[in-house]
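[1] this one's structure only:
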């Protein structure tokens, strides 16, 4: 739960609670589950309870810093859980506290990334309206199968809708939903059992985003560990793609 995240597309990561259940092929080599097993957390799977963390003071500190510096910081929430997981151990007051915390941090943009876009509407706060000005809603999409459920994401009003297409496991046609998106992030898998990618999958997404005038960020190639991945660089056809939404 690093204060300054090494993830290219965010400044910080915040986990209000920890634990999840695998729901799609992107979860097969889940780094968060491996992390939990290493620390004997036993918080993965439908029969395992999620646990609330003691890190809720972090966003308050980041908010003070962002306000003092006159900048906005992006906060990935959550890297070790899914905010829209419907597990019975996630108490309603946990989510109420999270929405309250987000409201206390107007200079932080909370990037809520889910593999369960069908649950978003159910767990939004009563005052969501057209969306909180500092909340971006995102979904993980690794193949065409997951893209076909994006209607659940783009139908919810939000400041920005974004996709994390990592690990990308196949070609994806976003044409049906792309005009409801404001950002696309993609990359290969980081795991000893990584699944190889076809560069044409990334090229297709790059071209789809360019045609729709949507920021495109190519995060990484695939590999067995971060050292080998970084050695490959972040270039796609000689260009490093670092697109971000305009949040002025």
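    Now that the structure is in, tell me what you want to look at. Note that this is a predicted model, so its numbers are computed, not measured. Numbering: from 1, shown residues only.

[2] rest of the way, CA atoms for contacts and neighbours
    Noted.

[3] Identify the residue nearest the geometric centre of the protein.
    residue 113 (3.5 Å; C-alpha atoms, centre = their mean).

[4] correct me, but residue 8 touches residue 220?
    No. Applying C-alpha atoms under 8 Å, one finds residue 8 not in contact with residue 220, separated by 9.5 Å.

[5] that's a helix at residue 152, yeah?
    Yes. Using DSSP: H, G, I helix; E, B strand; the rest coil, the assignment for residue 152 is a helix.

[6] Can you get me a residue count around it?
    By the measure other C-alpha atoms under 10 Å, the count of residues near residue 152 is 15.

[7] ok, it - contacts?
    117-118, 120 (C-alpha atoms under 8 Å, 6 or more residues apart in numbering).

[8] I'd like the distance between it and residue 96.
    Distance of residue 152 to residue 96, computed by C-alpha to C-alpha, to the nearest Å: 22 Å.

[9] Which stretches in the chain count as strands?
    Ranges of strands within the chain are 12-13, 17-18, 51-52, 73-77, 108-114, 135-140, 160-165, 183-187, 216-220, 235-236, 239-240, based on DSSP state E.

[10] would JSON lines of those strands with mean pLDDT and distance to residue 40 be doable?
    Shown next, in JSON lines, are those (pLDDT from 0 to 100; distance: least, C-alpha to C-alpha, whole Å):
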{"stretch": "strand 12-13", "mean pLDDT": "96", "distance to residue 40": "21"}
{"stretch": "strand 17-18", "mean pLDDT": "98", "distance to residue 40": "12"}
{"stretch": "strand 51-52", "mean pLDDT": "98", "distance to residue 40": "13"}
{"stretch": "strand 73-77", "mean pLDDT": "96", "distance to residue 40": "22"}
{"stretch": "strand 108-114", "mean pLDDT": "98", "distance to residue 40": "24"}
{"stretch": "strand 135-140", "mean pLDDT": "98", "distance to residue 40": "26"}
{"stretch": "strand 160-165", "mean pLDDT": "98", "distance to residue 40": "28"}
{"stretch": "strand 183-187", "mean pLDDT": "98", "distance to residue 40": "29"}
{"stretch": "strand 216-220", "mean pLDDT": "97", "distance to residue 40": "29"}
{"stretch": "strand 235-236", "mean pLDDT": "97", "distance to residue 40": "37"}
{"stretch": "strand 239-240", "mean pLDDT": "98", "distance to residue 40": "38"}
